[in-house]
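1. Return a 3D structure for these sequence lines:
(one chain, ligands or ions: 1)
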Amino acid sequence: MMRILHVADVHLGASFASFGPIADERAEAVLRAFRALPEIAQEHDVHAVLLAGDLFDSPRPGERVAAEARETIRRLLEIVPAVFLVPGNHDPLVLPGSPYADLPEAAHVFSQPDFGEPVSVETDAGRLHVYGLAYDVAHSPDPLAGFVRADLDGVHVVLLHGAVRDAPHWSGGDSLRLTHPELENLDADYIALGDYHRFRPPEEFASDGSVPACYAGSLAGLDHTETGPKGIVLVELTPGAPPRTRLLHSAVPSLQALPEVDVSACADDMETVERVAGLVTRESLPVVTLTGQTEYAVDPSRVEAELSARFSFARVRDRTLYYDSARLKELAGHDDVVGHLARLGLDRIRDAANDDEVRTRERALRKALRAMGAT
Ligand SMILES: [Mn+2]
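-> Modelled structure (predicted):
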């Protein structure tokens, strides 16, 4: 059985700006996780490593990043007989000074826009043939049509960076576009994909294993939308059988999506914070959406600040509703400025044309009440 590490979308040199004050820390953690690849390759006794594009966040990511990549790939080549790379849409080979040109010679970078003959290597688990290309829309908009499986014994693997049409991240741009039938017809034992940032095993392409394609996903969430476990894929390949894949989690803290946390029983922001905190898995960074009809006016920025202090990073989206609360009705009954404000706000909410407008108007009312110290 042949074992391969499939890595994609590391985005070395990315700013991680969406992580605010911990952006630099996050960038360092991602770099550390990347540097750990040789140890992981050794631990799992793999026969080859595939990097499926967007290793770098930009075509010219700077000398430090280039040197780190060079060094890690050099160390990888001490562990495995072969490392294969394709560029991605973030790090195309179009500009001079690409860090891909600087990698150790034994690493194989596919730099041509068409599939040619595979690159073949001998491994302890037999021969491995890898096909790849550097997508160039101007040269060849549909390079998959040119794929020919070589008549050679061993395991045949295709390495690509591209967007599959039925994937949620499908979008325009100059990315390689892949269709389901194209992948199904590609006569390969494994199709290692990069571009989509969530792990998508072959079973998600076809439940019967007929499409041996897999997205490794990003090594770590690049922004707070990339929730869930991230890492690298360990692939086990036996000729004639569907590939078996397993996600090895990276050590970079993952973002935990908490899509609907009902906080209607919470009496204030601190109780809301406790409620959320109790749901967060150890070492995860919460990305939470608060819901429910509350009896107090949630201050999402305060909740986010408190959670960030505990978990080093948090994102809070507020979908709670307050306008139907007994507390607000009581405020509206006051014969003073606060009562007037509450009545005005409630009237405006009642006249709202849709749910979005309700939420916008409610948020405005909450802000106004908060400013008056009356929530
Ligand atoms: Mn990417």
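2. For stretch 197-213, measure first residue to last.
-> 14 Å (C-alpha to C-alpha, to the nearest Å).
3. Show the contacting residues for the nearest residue to Pro118 once chain neighbours are set aside.
-> Closest residue in space to Pro118, ignoring its immediate chain neighbours: His129 at 3.7 Å, by C-beta to C-beta, 6 or more residues apart in numbering. All C-beta atoms are positioned from the backbone trio N, CA, C, and that covers glycine. Going by C-beta atoms under 8 Å, 6 or more residues apart in numbering, His129 touches Pro118, Val119, Ser120, Ala150, Leu152, Gly154, Val155, His156, Val157.
4. Can you pull the phi/psi pair for His129?
-> Dihedral pair for His129: phi -120, psi 120, per degrees, to the nearest 10.
5. I'd like the distance between it and Val155.
-> 7 Å (C-beta to C-beta, to the nearest Å).
6. In terms of helix, strand or coil, where does Val10 fall?
-> For Val10, the assignment made with DSSP: H, G, I helix; E, B strand; the rest coil gives coil.
7. circling back to that earlier point, out of the contacts of His129, which end up buried?
-> Taking 16 or more other C-beta atoms under 10 Å as the criterion, what is buried in the contacts of His129 is Pro118, Gly154, Val155, His156, Val157.
8. Show only the entries of those residues found in strands.
-> The strands, defined by DSSP state E, take in Val155, His156, Val157 from those.
9. What residues are bridge-paired with the first one?
-> Applying DSSP bridges to Val155 gives these bridge partners: Leu128.
10. And the helices in the stretch 251-375 of the chain?
-> 269-277, 300-311, 326-332, 337-350, 355-371 (DSSP state H, counting those that start in this stretch).
11. Okay, angle between the fourth one and helix 355-371 too, please.
-> Orientation note: helix 337-350 sits at an angle of 170 degrees relative to helix 355-371 (axes from the mean of the first three to the mean of the last three C-alpha atoms, to 10 degrees).
12. Give me the residues contacting helix 337-350.
-> 323, 328, 331-334, 358, 361-362, 364-365, 368-369, 372, 374.
13. Now with 7 Å, please.
-> Residues from elsewhere that reach helix 337-350 (C-beta atoms under 7 Å, 6 or more residues apart in numbering): 323, 328, 331-333, 358, 361-362, 365, 368-369, 372, 374.
14. Go through the helices of the stretch 251-375 of the chain and name the closest to the ion.
-> Closest of those to the ion is helix 300-311, at 25.3 Å (criterion: C-beta to the ion).
15. Adding pLDDT, write the contacts of His129 out as CSV.
-> Formatted as CSV, these follow (pLDDT from 0 to 100):
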residue, pLDDT
Pro118, 97
Val119, 97
Ser120, 97
Ala150, 96
Leu152, 96
Gly154, 95
Val155, 96
His156, 97
Val157, 98
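16. Can you list the low-confidence ranges for the stretch 151-300 of the chain?
-> Scanning the stretch 151-300 of the chain for pLDDT under 70 picks out 166-173.
17. can you map out the strands along it?
-> 155-164, 176-178, 190-194, 213-215, 231-237, 244-249, 255-262, 285-291 (DSSP state E, counting those that start in this stretch).
18. Chain neighbours aside, what residue packs nearest to the spatially most central residue of the chain?
-> Centroid check for the chain by C-alpha atoms, centre = their mean gives His197 as the closest residue, at 3.6 Å. Take His197 and drop its neighbours on the chain: the residue closest to it by C-beta to C-beta, 6+ apart is Ser218, 4.1 Å away.
19. Give me the neighbour count for the one you found.
-> Neighbour count of Ser218, defined by other C-beta atoms under 10 Å: 27.
20. what's the domain layout of the chain?
-> 2-249, 255-371 (automatic domain parsing).
21. Would you reformat the ones you listed as CSV and include distance to the ion?
-> What follows is the domains of the chain, written out as CSV (distance: least, C-beta to the ion, whole Å):
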stretch, distance to the ion
domain 2-249, 4
domain 255-371, 16
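22. Please report how far the residue nearest to Leu103 when sequence neighbours are not counted lies from Asp142.
-> Distances taken as C-beta to C-beta, 6+ apart place Ile73 nearest to Leu103, at 5.4 Å, with adjacent residues excluded. Distance, Ile73 to Asp142, using C-beta to C-beta: 31 Å.
23. Give me the more crowded residue out of these two.
-> Ile73 (21 against 11).
24. Quick one: classify that one as helix, strand or coil.
-> Following three-state DSSP, the label given to Ile73 is helix.
25. for it, what are its contacts?
-> Shown in contact with Ile73 (C-beta under 7 Å, 6+ apart): Val83, Leu103, Pro104, Ala107.
26. Buried ones among those residues?
-> Val83, Leu103, Ala107.
27. tell me the average confidence for stretch 321-334?
-> For stretch 321-334, mean pLDDT is 92.
28. what's next to it, contact-wise?
-> By C-beta under 7 Å, 6+ apart, stretch 321-334 touches 293-297, 338-339, 342-343, 346, 349, 362, 366, 374.
29. Distance from the chain centre to that stretch, please.
-> 41 Å (C-alpha atoms, centre = their mean, to the nearest Å).
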